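# Sequence first, then the predicted structure, then my questions.
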Amino acid sequence: GHTAEKGKTIMDNKANSSEKAVKKEKMHISVLITIIVAVIVVAAAFGYAVWRNSDAVFENSVAVTVGDTEIYGPEFSYYYYNAVNYFLETYSASGLLDYLGIDTSVSLATQECSFDSEITWAEYFAESAISNIEQTYVLYLESQKAGFEVNQEEIDETISSYRTAFEENASENNMSVDDYISLAYGDGVTWDRFVTYAEKALAASQYQESITDGISVNDDEITTYLNDNPYAYYELNYRSVSYSYTADDEESKTEAKSNADKFAANATSEQAYIDLAWANLAEETQTQYEEDGNTDYSLRTGISASSVPEAAADWMLSSERTEGDVTVIDNSDANNYTIYYFVSSALKDYKAVNLREIYIADTEDNAESIAAEIMEKWESSSKTEDDFIALVSEYNPDSLTGGLYENVTADYMPEAIDSWIFEDGRAPGDVSSIHDDTEGSEGYHIVYYVSQGEEYWKYAIRNSLISQKYNEQYTSMAGNYETTQN
């Protein structure tokens, strides 16, 4: 089994699979609000050392006050380690943790934060904890004032999944559940207190979801938003060649501008542009491109307008733009003059995907045979969506909505899954067992294709507008409470 090693999560494989399912259901691929009230990471043992060497808050001291509600040391500790563990899990999965330079073997109170050199990592996570405490309690207290009825069954199921994970991990490490939780979240955090804190966070999350579910967005609002913020929703096809210059060297800049203007004047057709671009390369570079099979190096396809210099994006997205238009733009940030040849622009109109998934981690005993067993059961069933949901319940029992992912966008899922769900000809009811090696997702993903969702650009804009409206409502609610750190 896993040991309580500093810097390593001590969740066993089964618990990790269970936690993945819980977080997946909560995320629901919907509105991305900054609050993380319901993402309760089943924690890392190194946190004990971090807490012991930082400015601890004690059992009976008030750490934070939200309105008239006092949050004591153990609850602050719970939120602190939620922030630490969520951060470490996120950045470990993306491979960026080493880049940030966090050393989990020593106190975070002695390490400078990579995001802000004026504070330590301990102070950074303390600020995150206070922010999450404030958001949780604002929503929780407002839900009580509004008489909001929580889905207690859903909360109980989630708490039960955490209990199972704690029990299995505590057993793996020859500890009691309370000792394990205290090690993970700090002195004073027992199972009973964990339940109290988590229930409030989950209730707050449900209230938040009820608010966002009640927010409507009409087509006129979507169109207006698109016109005001087009860059993220358009893809561009174009050609480009650049002439660099030295900053603050007028002679160099003048020469680059002259060369770019001459190139543009001679680019009277797409083929002329291609020929000029090729002739502009050094012979050794031409040879390299030929060896790579890329003799049309100036062409750029499927480029998001948000990743192109703003002046160039504005030019290509102009209603006056037609195929074959050419211009020269000074990209001063990159110190070059670029000759752009416009081919086309289009909204990102591919449709998002709704799917269901069963996940079997590689680290589970006999993962491959379990995945094969699932597929055998599927093949012998009536092959309906209900049949697949039944398999989700059997193999991922902690899944709260039958393994459902809604409105999955391109590049969100691991590459192997992404390629399958967006493959031409994919149809409702298709099922595949896909093995993935992506860090944090290693294992077998048995995927059921449900249907196409909304066009990406409409879905993305709708979510942005819902987020904006929610944040306005939250800001108004938060104005009823003063948050102070003691």
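Looks like it came in fine.
# where does residue 405 fall, helix, sheet strand or coil?
With DSSP: H, G, I helix; E, B strand; the rest coil as the basis, the three-state label of residue 405 is strand.
# how close does it sit to residue 122?
As defined by CB to CB, to the nearest Å, residue 405 lies at a distance of 36 Å from residue 122. Using the backbone N, CA and C atoms, a C-beta is placed for each residue, glycine as well.
# Likewise for residue 442?
If you go by CB to CB, the gap between residue 442 and residue 122 works out to 32 Å.
# higher neighbour count, the two?
Neighbour comparison, residue 442 and residue 122: the larger count goes to residue 122, with 21 against 14 (by other CB atoms under 10 Å).
# Please look at the more buried one and residue 102 and confirm they touch.
No: distance between residue 122 and residue 102: 10.9 Å, which falls outside the contact criterion (CB atoms under 8 Å).
# Overlap in contacts, these two.
Here residue 122 and residue 102 have 108, 111 as joint contacts, going by CB atoms under 8 Å, 6 or more residues apart in numbering.
# In three-state terms, label residue 344 for me.
Classification of residue 344 using three-state DSSP returns strand.
# where does the residue lying closest to residue 480 once chain neighbours are set aside land on pLDDT?
Leaving out its chain neighbours, the residue that sits closest to residue 480 by CB to CB, 6 or more residues apart in numbering is residue 67, at 7.1 Å. Listed pLDDT for residue 67 reads 96.
# Give me the neighbour count for residue 67.
Applying other CB under 10 Å, we find 15 residues neighbouring residue 67.
# From residue 138, how far out is it?
Using CB to CB, which is the criterion applied here, residue 67 is 8 Å from residue 138.
# what's the helix or strand for residue 381?
Secondary-structure assignment from DSSP states H and E places residue 381 in no helical or strand segment.
# For it, give me its contacts.
The neighbours of residue 381, taking CB under 8 Å, 6+ apart as the test, are 387, 391.
# returning to that earlier point: can you verify my assumption that the residue nearest to residue 480 contacts residue 140?
No: no contact is recorded between residue 67 and residue 140 when judged using CB under 8 Å, the distance being 10.8 Å.
# mind checking how far the residue of the chain most remote from its centre is from residue 363?
When distances are taken from the C-alpha mean of the chain, residue 251 lies farthest, 46.1 Å away, according to CA atoms, centre = their mean. Note on residue 251: its distance to residue 363, by CB to CB, is 63 Å.
# buried set for stretch 478-486?
Applying a neighbour-count criterion of 16 or more other CB atoms under 10 Å, one finds 478, 481, 483 buried in stretch 478-486.
# Compute the first-to-last residue distance for it.
Between the opening and closing residues of stretch 478-486 there is a gap of 19 Å (CA to CA, to the nearest Å).
# Can you find the helix or strand of this protein with the lowest average pLDDT?
Each helix and strand of the chain was given a mean pLDDT (mean pLDDT, DSSP states H and E); the minimum falls on helix 13-27 at a mean of 33.
# Please report how far the most centrally placed residue in the chain lies from residue 401.
The residue at the geometric middle of the chain, judged as the C-alpha nearest the mean C-alpha position with CA atoms, centre = their mean, is residue 412 (8.0 Å). As for residue 412, its distance to residue 401 is 17 Å (criterion: CB to CB).
# One more: residue 466?
Distance check for residue 466 against residue 401: by CB to CB, it reads 19 Å.
# And residue 131, by the same measure?
Relative to residue 401, residue 131 is positioned 28 Å away (CB to CB).
# where exactly do the helices run in the stretch 151-300 of the chain?
The residue ranges that make up the helices of the stretch 151-300 of the chain, judged by DSSP state H, counting those that start in this stretch, are 152-172, 177-185, 191-213, 219-228, 250-266, 270-279, 283-292.
# winner for burial among these?
Among the helices of the stretch 151-300 of the chain, the stretch with the highest mean neighbour count (mean count of other CB atoms under 10 Å) is helix 177-185, at a mean of 21.
# average model confidence for it?
Per-residue scores along helix 177-185 average to 89.
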